[in-house]
Each structure stands twice: as C-alpha cells, then as structure tokens.
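Asks: generate a structure from the sequence data that follows.
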Amino acid sequence: MTVMKSHGLSTIDDLLNTPEDGQKYELVDGEIIVSPAGMRHSEIGIQIAHLLKTYIDDSPIGRVLGSDVGIILPNGNLRSPDVSFVSFEKLPKGNTPVMFGKIIPDLVVEVLSPNDSMRQVADKIAEFLEAGVPLIWLVDPEKQTVTVYRSLTDTTQLTASDTINAVPMLPGFSSKVSNFFS
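Replies: Numbering: from 1, shown residues only. Next up is the predicted model:
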C-alpha cells in the first residue's frame, strides 16, 4: 500500500478527485491509500464475486459488490473491500446507493496481494469487525486458503479441499474453497 501525500488531512472530496488510473484508493485516518492489487488478485476477486452473484441470482436477498465500491465506516474511513455482500434489509428502500454507502456489509472478502503488509491487513480486518461486519473472508492466493473471521477470536482457516459457507448471511450458499482459485 502506498500513501498519497496531501496538505493536511484528506477528505472524501479529495478521494473523489484522485486520478482515474485504475488504482484502488481508500481513505484511512485522513490519508489516501493506494492499494495496487495485480492481475491474479483481481481474477480471484472476480471469481468469488461470480460465485456469490450466481447464488444471489437464485436467492435474491441482497447485492454483491466489487472492489470499486466505497463504504464509509462509522470511524469516517472509506474502505473498498475486494468483494462484499449487503442484504436488502440494509439498503435504503432495497436500492444500492449511487455514491459511497454508509452501510455495513454482511460479508467482506479481502484477497491478499503480494504487496500487503500483514499489519495493514490485520488493521483492516479489525476495523471491519469493529464497524460491525459479521463475516470476513481473508483469501490467500499463495497458500490457497481462506481465513474466516467472525470476530478477532473466532477464526477458522480453510484449505482448498474444504467447503466454505456464509451462514447465516447467505443461507444455502456453499462452495469448495478450491473454486475461489480456479
């Protein structure tokens, strides 16, 4: 992750004025963070989004969102999970906001990138949990594992041969972890 330098604390307006360069930007503690991901990272994120969207097409209970979404957390930070799911119950009148949402997702998926520091990833997971995200999947492409977080103390690591679910957020959804990497 790279920090974009600005004069003073950056705002959401500053974030909106970042270059249209295909990079993923987040606003964290008044700093604009650039998070270069890479092709493999993107491929895995899209694959997971596809699996979730296929489920949602058959069980329309919410929306699956990609990595370009901006979610404003209660602490004022704007985060962009690689994939997220938000139930219709949390969407205003069941509609997806046009701009950034002050909505806490039901599921957040983060795919590790080669440039990620474990400290930054741990901070991001803790921030999502503190904001009230009930389920987080941390996907490690190198090890082909998914660590499931329901809290900082309730974690499970799954391997490619395991089956993952999202109970109770996505009742009936399940997939082999290996499908995330195919």
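
Asks: contacts and neighbour counts: CA atoms only from here.
Replies: Fine.

Asks: go ahead and confirm G132 touches V108.
Replies: No: between G132 and V108 there is no contact under C-alpha atoms under 8 Å: 11.0 Å.

Asks: who has more neighbours out of those two?
Replies: V108 (25 against 16; other C-alpha atoms under 10 Å).

Asks: distance-wise, check the more buried one relative to L65.
Replies: 10 Å (C-alpha to C-alpha, to the nearest Å).

Asks: overlap in contacts of these two?
Replies: Common contact partners of V108 and L65 (C-alpha atoms under 8 Å, 6 or more residues apart in numbering): 83-85.

Asks: for those, which one is nearest V139?
Replies: Nearest to V139, judged by C-alpha to C-alpha, of these is V83 at 10.9 Å.

Asks: contacting residues around G70?
Replies: 26, 78-80, 99-101.

Asks: at 10 Å instead, please
Replies: 25-27, 77-81, 99-103 (C-alpha atoms under 10 Å, 6 or more residues apart in numbering).

Asks: got the CA positions of the host helix or strand of D13 in CSV?
Replies: Element membership for D13, per DSSP states H and E: helix 12-16. Extracted C-alpha coordinates of helix 12-16, given in CSV (Å, rounded to 0.1, in the frame of the first residue of the first chain):
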residue,chain,number,x,y,z
ILE,A,12,-13.8,12.2,0.7
ASP,A,13,-13.8,15.1,-1.8
ASP,A,14,-10.0,14.7,-2.2
LEU,A,15,-10.6,11.0,-2.7
LEU,A,16,-13.1,11.7,-5.4
